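>>> Pasting the sequence and the predicted coordinates here, then a few questions.
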Amino acid sequence: MHINSHFAIGIIVSSLFHYFLNFSLLDFTLTVTFSFICDFDVFFSQYAKDHNHRMLISHSIIPSLLIIIIGLLINWPVLFLSGFTYAIHIFIDTLDWGTNFFYFNKKLLGLKLLITKEELENLPNYLMKYQKSESFFDAKYYSNKYCLSIEFLLFTLMLLFVSMFALEYIWLIAFYFVGLYFHLSRHFNLKRIETSKIPSD
């Protein structure tokens, strides 16, 4: 799932708990940040198996468990909740492409709803059909009506929850559009590359 959707989930969860715990701005932004921060491990893909950032330890359940434990030990509910939003991210990522959930077994686990077993077993053959290998994954995502429907649903729920439970922090949703812009610009750039006959660098 895209980073803006993980951000939306962070807003939803944080808004709901703000109603009960009356978060400060720091508390609120911390729980939201932990809902998407692990996606920045994409900048370290070169160190991951098959250059897949979801194979890194940051995309396993381990960091969220450590954060939750520390939050419990120091009795900081916000840190505990931050570990919880981090864990939600990891669980959700098992649904689309899968993630290296336990890390040490070095295997992508999950339902992998966006890729078939045959595609996964013969992935190099499918990637060769595209000028940019990431276009395969991009096309699979944007051609899936369920993914797009879930994105719209999460956006709607984000607006609803922040309006009902954390109206003073509604301005934070501006960052949702930053993530959305990044993914859409990347999507249309990949489409442009694939529809052109000039090989990309």
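Thanks, I have the structure now.

>>> Just give me the neighbour total for residue 190.
As a burial measure, residue 190 scores 21 neighbours (other C-beta atoms under 10 Å). All C-beta spots, glycine's among them, are computed from the backbone N, C-alpha and C.

>>> who's in contact with it?
By C-beta atoms under 8 Å, 6 or more residues apart in numbering, residue 190 lies in contact with 132, 134, 135, 138.

>>> just checking, which of those residues belong to helices?
Among these, DSSP state H puts 134, 135, 138 in helices.

>>> mind listing what residue 151 touches?
When contacts are counted by C-beta under 8 Å, 6+ apart, residue 151 touches 1, 2, 4, 5.

>>> and it, how far is that from residue 89?
With distances taken as C-beta to C-beta, to the nearest Å, residue 151 is found 15 Å from residue 89.

>>> Out of the ones in helices among the contacts of residue 190, the closest to residue 96 would be?
Among the ones in helices among the contacts of residue 190, residue 138 lies closest to residue 96 (C-beta to C-beta), at 12.3 Å.

>>> Distance check, the closest residue to that closest one other than its chain neighbours against residue 127.
Leaving out its chain neighbours, the residue that sits closest to residue 138 by C-beta to C-beta, 6 or more residues apart in numbering is residue 190, at 5.0 Å. Distance of residue 190 to residue 127, given as C-beta to C-beta: 13 Å.

>>> do residue 140 as well
On the measure of C-beta to C-beta, residue 140 and residue 127 end up 12 Å apart.

>>> which of these two has more neighbours?
Neighbour count, other C-beta under 10 Å: between residue 140 and residue 127, residue 140 has more, with 18 against 15.

>>> what about stretch 94-106, start to end distance?
Criterion C-alpha to C-alpha, to the nearest Å; first-to-last residue distance in stretch 94-106 is 14 Å.

>>> ok, and what's touching that stretch?
Here stretch 94-106 makes contact (C-beta under 8 Å, 6+ apart) with 1, 49, 54-57, 59-62, 90, 93, 107-115, 137, 141, 147.
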